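[1] Fold the following.
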Amino acid sequence: NVECVELYHPAYVLRLPRLRERFYRDIYDVARTAGATTMPLSALARNSRYAGAVEPYWLNNRQSYPGANPWYSIDVETTGEEFGRTVGWSVGDTQSAKFYVGMAPQAGWPAHMFVHNGKFDLPKIGMDPWDLKLWDDTMLQAYVLRYPEMSLEALGDRLVGLRKRKYSDLMKEAVAVASNQVEDLIRSLAPFEDRKALNAFRREQLAPIKARAKDFSLALEMIPDEASKYAAMDPLITARIAKVLTEELEAEPKLKWVYENMEKPAMPVIYELEKNGVYIDQAALDPIQEELEQIETESVEGLRQYQTPAGPQFPELNPFSPQQLLSAFSGHFFIVLRSTDKTELLTLVGAETFDVLDERVQREQQSGLSMFVWNVLRARNARKFKSTYVARMRQVDSNGRLHGSFNQTVVATQRLSGSDPNLQNIPNRTELGRRIRRAFAAPEGKVLLKLDFSQLELRCIAHLVQEPTLIAAYRSEATGTKIDIHDMMRAELEL
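    Model prediction:
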């Protein structure tokens with residue numbers, strides 16, 4: 001029996017996301033303190049992310065589990081961040097699957113399981129990624145087999161005919177339902193005399209919803225049936241495609257060797273890289289941020305000094321608006337719309353890039369159209385640096401370390417790619433970019449060590465095809481003879 005006090009009038013609290021979350025959290029905490037091991041899915045708690053594991057199993061009793069065959073699989077749902085809180089977990093095999101709310105057990109798992117993107121899931125169930133005998137990753141298997149798309153949605157549709165909605169679509173629906181609840185609440189309240197107060201109240205209620213736009217617990221609260229179905233589909237699809245991919249690898253011994261001896265052992269190394277992160281000197285970012293804000297302000301003000309190419313109907317062009325840029329520059333420049341709906345002016349009159357134009361403007365002051373375009377691109381460039389690098393590099397943990405993502409299954413040549421932010425692509429062609437790079441520092445008592453392979457691809461080619469000239473050249477390095485491989489190859493080919 002739980003007594004609700006303070007602001008907890010259920011008819012009111014369930015309509016406000018922030019109070020609803022607090023309400024369920026307190027109920028959950030009281031029940032757990034009282035020794036409860038399960039939480040009932042009552043009408044009150046059905047939409048709560050704290051609904052608990054309503055049918056807990058002991059995982060060592062596999063006969064009570066859906067995963068009682070070799071294609072046992074698991075998936076974890078979180079608050080959205082790479083190292084975020086676990087919201088729920090799903091288990092299944094080729095025949096059935098089930099979703100459970102709450103923290104996944106940290107022990108008692110079977111001797112082997114399949115995952116899709118194990119770098120994300122395995123640590124959240126207490127499993128050591130370094131123990132390679134415990135798991136296989138269908139995403140890595142598909143990558144080695146050169147499937148064009150490695151997402152669970154694409155592989156499920158292509159290999160076993162199971163279609164699964166995208167996570168982004170699920171969360172859009174959850175956000176829409178939550179936002180509509182806020183609007184219903186506003187309509188039920190007494191009319192606001194002040195429109196500014198109404199808008200402020202609306203923003204206040206929508207802010208926690210927008211902040212959780214990637215948080216699976218929001219979907220559990222708003223659309224629990226759809227969210228549970230979505231989560232349960234993951235291990236079911238994983239188990240079925242695991243059977244197909246494993247059979248394909250068995251038929252390709254060389255690719256199976258690559259998977260077992262290269263891609264699979266690399267995953268825990270990449271996980272450790274992401275978990276450890278890199279130290280960021282926040283003090284070094286302060287003057288960079290101030291300079292970028294000044295550049296952006298100066299560039300926007302500079303636009304007013306020049307006539308837009310489309311005429312006077314754009315007296316105050318917003319350089320960050322794709323629609324306004326399309327209208328203003330249509331017929332004057334080549335414009336490319338990216339998939340993210342961001343407009344980028346790729347070429348100017350005379351096929352000039354921003355770097356070329358920037359260098360020319362700095363060298364000799366231009367006027368008219370060139371200066372107008374230069375200010376547009378300069379403002380956009382400053383904002384891009386702020387959002388892509390400086391703002392993201394502010395998002396460090398309590399130890400001042402930034403945790404980016406290294407993607408193992410994106411680049412076809414088996415190199416890693418980076419994202420959020422791309423730590424492999426910090427700009428260095430400009431002084432500003434080099435200053436941003438210097439913010440990557442070593443903590444006290446440590447040093448940064450930079451290592452790079454010398455002509456790795458050419459050495460691999462020399463070994464694989466046993467090219468005698470290349471082999472002789474590289475072997476000569478052991479005797480201290482330095483040979484420029486590129487000059488040697490040009491001479492051999494008489495170029």
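[2] And the helices in the stretch 51-200 of the chain?
    118-121, 138-144, 152-155, 167-188, 195-211 (DSSP state H, counting those that start in this stretch).
[3] Ok, the stretch 301-450 of the chain next?
    322-329, 354-363, 369-385, 391-393, 431-437.
[4] need the least confident one among those helices, by mean pLDDT.
    Among the helices of the stretch 301-450 of the chain, helix 354-363 carries the lowest mean pLDDT, a mean of 53.
[5] Nearest residue to the residue nearest the centre of the chain in space, ignoring adjacent ones along the chain?
    What sits nearest the mean C-alpha location of the chain, by CA atoms, centre = their mean, is residue 420, with 5.9 Å. Closest residue in space to residue 420, ignoring its immediate chain neighbours: residue 405 at 5.0 Å, by CB to CB, 6 or more residues apart in numbering. For the C-beta atoms, the positions are set from N, CA and C on the backbone; glycine is no exception.
[6] what about that neighbour, neighbour count?
    As a burial measure, residue 405 scores 18 neighbours (other CB atoms under 10 Å).
[7] Run a quick check on it versus residue 416, I expect a contact.
    No. Here residue 405 does not reach residue 416: they are 9.9 Å apart, not a contact under CB atoms under 8 Å.
[8] Mind listing what's buried along the top helix by length along the chain?
    Longest helix in the chain by number of residues, with DSSP state H as the criterion: helix 224-250. Using 16 or more other CB atoms under 10 Å as the test for burial, helix 224-250 gives 224, 226-228, 230-246, 248-249.
[9] Stretch 159-170 now?
    159-160, 162, 164, 167, 170.
[10] could you dump those to JSON lines with pLDDT?
    Converted to JSON lines, the buried residues of stretch 159-170 look like this (pLDDT from 0 to 100):
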{"residue": "159", "pLDDT": "93"}
{"residue": "160", "pLDDT": "91"}
{"residue": "162", "pLDDT": "88"}
{"residue": "164", "pLDDT": "86"}
{"residue": "167", "pLDDT": "90"}
{"residue": "170", "pLDDT": "93"}
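[11] Show me which of those residues is closest to residue 449.
    residue 167 (37.6 Å; CB to CB).
[12] contacting residues around the nearest residue to the closest one once chain neighbours are set aside?
    Leaving out its chain neighbours, the residue that sits closest to residue 167 by CB to CB, 6+ apart is residue 230, at 7.6 Å. Applying CB atoms under 8 Å, 6 or more residues apart in numbering to residue 230 gives the contacts 164-165, 167, 170, 219.
[13] how far away is residue 299 from residue 305?
    11 Å (CB to CB, to the nearest Å).
[14] An error on my part: the question was meant for residue 179.
    41 Å.
[15] More neighbours: the two, which one.
    residue 179 (17 against 10).
[16] Who are the contact partners of the more buried one?
    Here residue 179 is in contact with 206, 209 (CB under 8 Å, 6+ apart).
[17] ok, back up a step: make CSV out of the contacts of residue 230 and add distance to residue 484.
    Shown next, in CSV, are these (distance: CB to CB, whole Å):
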residue, distance to residue 484
164, 53
165, 55
167, 50
170, 56
219, 58
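[18] which one of the residues you listed is nearest residue 260?
    Using CB to CB, these come closest to residue 260 at residue 164, 27.7 Å.
[19] need the contact list for the closest one.
    152-153, 156-157, 230, 233-234, 237.
[20] Just flag the most distant two among those residues.
    157 and 230 (15.0 Å).
[21] any idea which of the helices of the stretch 51-200 of the chain is most buried?
    The highest average neighbour count among these, using mean count of other CB atoms under 10 Å, belongs to helix 138-144 at a mean of 25.
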